[in-house]
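Enquirer: Below are the sequence and a predicted model; questions follow.
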Amino acid sequence: MKILAVGRNYAKHIEELQNERPAEPVVFFKPDTAVLKNGAPFYHPEYSNDIHHEVELLVRISREGKFIQEQFAHKYYDAIGLGVDFTARDLQSKAKEKGLPWALAKGFNGSAPVSKFIPKEEFEELQNINFRLEVNGEVRQRGNSSMMLFPIDFIISYLSTYFTLKTGDIVFTGTPEGVAAVSRGDKLTGYIENTKMLDFEVK
Ligand code: MG
């Protein structure tokens, strides 16, 4: 499986990092070794002093496809989940300065905690889903999928133009504002609406 991720998909997050608003989605990958499941702890790596949490809605691909038209995109995913796109912001800032790729900053071991998935039929409207991240019981990030600059079906269509999507692939859809550094001992809990989806510790 592969993990495809979209950056800069929420206007207020773009502002907080003083990034430019993209005309097309900003796309990057995480390797399968980035995945953390079932509440497994996140081990804070030594090579970064600034690991940020980015809580994001996930889309699970359920059918192989490429060159998918936006109007048919919904046939290619079956479930929504919650994830954290852990980002070594210090490494990313260095890479950005030099115009270099984000692989190390975004793709390191454990950088993709992934929740269980909820069948998409259980949502009334996919572009109106509330989600949030709490750190030690305090809300740090709150988002709603209606705030995405590029909605899910557009993202699926766009990605499939370049990459064949395969069953089991996961798409990270971008983070709302409120990203901040995590520390060892922090307890992260993530919710979609009022369902607890993520619950793990930084070690
Ligand atoms: Mg992100």
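Expert: Nice, I can see it.
Enquirer: Give me the local confidence score for the spatially closest residue to residue 112 that is not a sequence neighbour.
Expert: What sits nearest to residue 112 in space, not counting adjacent residues and going by Cβ to Cβ, 6 or more residues apart in numbering, is residue 34, at 4.0 Å. Any C-beta I mention is one placed from the backbone N, CA and C, and that applies to glycine too. Looking at residue 34, its pLDDT stands at 98.
Enquirer: for residue 134, same thing?
Expert: 98.
Enquirer: Could you report the neighbour count for the residue nearest to residue 190 when sequence neighbours are not counted?
Expert: Sequence neighbours aside, residue 198 is the residue nearest to residue 190 in space, at 3.5 Å (criterion: Cβ to Cβ, 6+ apart). For residue 198, the tally of surrounding residues (other Cβ atoms under 10 Å) stands at 23.
Enquirer: got a list of contacts for the helix or strand hosting residue 198?
Expert: Taking DSSP states H and E as the criterion, residue 198 maps to strand 195-201. By Cβ atoms under 8 Å, 6 or more residues apart in numbering, the list of residues contacting strand 195-201 from outside reads 36, 39-42, 81-84, 113, 115-116, 118, 131, 133, 185-191.
Enquirer: Pairing partners for it, with directions?
Expert: If you go by DSSP bridges, strand 195-201 pairs up with strand 187-192 (antiparallel).
Enquirer: Just the buried residues of the partner strand, please?
Expert: 188-192 (16 or more other Cβ atoms under 10 Å).
Enquirer: I'd like the residues you listed laid out as CSV, including pLDDT and distance to the ion.
Expert: Formatted as CSV, those follow (pLDDT from 0 to 100; distance: Cβ to the ion, whole Å):
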residue, pLDDT, distance to the ion
188, 98, 15
189, 98, 18
190, 98, 14
191, 98, 18
192, 98, 17
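Enquirer: Look up how far residue 53 lies from the residue of the chain found nearest the ion.
Expert: Residue nearest to the ion within the chain: residue 85 (3.6 Å; Cβ to the ion). According to Cβ to Cβ, to the nearest Å, residue 85 and residue 53 sit 8 Å apart.
Enquirer: The closest residue to residue 14 other than its chain neighbours: what's it in contact with?
Expert: Of all residues not flanking residue 14 in the chain, residue 8 sits nearest, at 5.1 Å (Cβ to Cβ, 6+ apart). Residue 8 makes contact with 14, 19-22, 25-26, 149, 174, according to Cβ under 8 Å, 6+ apart.
Enquirer: let's see it at 6 Å
Expert: 14, 19, 22, 26 (Cβ atoms under 6 Å, 6 or more residues apart in numbering).
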